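Enquirer: Quick one, structure for this:
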Amino acid sequence: MGRPLFVLLAGIFGAALLHIIIILSIPAYAERDAWTRINALGAADFFHILPVRKADGLASANPFARVAVCRFDITEEPVRVTAIGNVPYWSLAIFDPSANEIYSMNDRTGTDAALDIVIVTPLQMIGYRKNLPDTLAESVLIEFPGTDGYLVLRAVAPDSSWGTITREFLSEAICQPTSAF
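Expert: So this is what the prediction gives:
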């Protein structure tokens, strides 16, 4: 009777200890999520180009890709994202604050391989469906379920000769509020 009771009590004690350790470690991991790190980069509505192979923080882990991140808030106005350049390949992904991917596209799905999107709330989308400005006639309208989010723009540099071109593509990319209706 003593051995099974000891095993049971050891299991209960071990499980309780594990739960306490997990609960106490949550604050340390809460500050390491993507949303917190992106907020720490700086201003919203601006592309922040990530460094290559940084030891900690956000970085471009792929040596053949350069990455830029833009945080946005579409509570008051939609955000328009544009980029033009002759890079071999680019891709864009839009995320909510919980890092759920909401939308993605690449240069094969864009108009004339140019990036031109407008991120809108459902209410703003209704307004655009009623009266779309001519300046947005070629833009892809993306209905975003929330008001805050971020997007990741990647450009591929297959070798070092493309480095300057991809950096220019990312540095000239625009992520800024646009007038609604």
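
Enquirer: name the element the closest residue to Asp45 other than its chain neighbours belongs to?
Expert: Once flanking residues are discounted, Asp45 sits nearest to Gln176: 5.0 Å by CB to CB, 6 or more residues apart in numbering. Using the backbone N, CA and C atoms, a C-beta is placed for each residue, glycine as well. Element membership for Gln176 (DSSP states H and E) is strand 174-177.

Enquirer: residues in contact with that strand?
Expert: Applying CB atoms under 8 Å, 6 or more residues apart in numbering, the contact partners of strand 174-177 are 45-47, 70, 72, 74, 76-83, 151.

Enquirer: give the contact list for the residue nearest the centre of the chain.
Expert: Among the residues of the chain, the one closest to the centroid is Leu151, at 3.4 Å (CA atoms, centre = their mean). By CB under 8 Å, 6+ apart, the residues touching Leu151 are 69-70, 72, 81, 92-95, 119, 175.

Enquirer: Selecting buried members of the contacts of strand 174-177 in ChimeraX, what would you type?
Expert: To isolate the buried ones among the contacts of strand 174-177 in ChimeraX, judged by 16 or more other CB atoms under 10 Å, type:
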select :45,46,47,70,72,74,77,78,79,80,81,82,83,151
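
Enquirer: Closest to Glu101 out of the contacts of strand 174-177?
Expert: Nearest to Glu101, judged by CB to CB, of the contacts of strand 174-177 is Leu151 at 10.2 Å.

Enquirer: now the strands for this protein?
Expert: Here the chain has its strands, by DSSP state E, at 48-49, 65-73, 79-83, 90-95, 101-106, 115-120, 140-143, 148-156, 174-177.

Enquirer: Can you add mean pLDDT and distance to Leu9 and give these back as a markdown table?
Expert: Converted to a markdown table, these look like this (pLDDT from 0 to 100; distance: least, CB to CB, whole Å):
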| stretch | mean pLDDT | distance to Leu9 |
| --- | --- | --- |
| strand 48-49 | 90 | 53 |
| strand 65-73 | 93 | 50 |
| strand 79-83 | 95 | 57 |
| strand 90-95 | 95 | 46 |
| strand 101-106 | 94 | 46 |
| strand 115-120 | 94 | 56 |
| strand 140-143 | 94 | 55 |
| strand 148-156 | 94 | 48 |
| strand 174-177 | 94 | 58 |
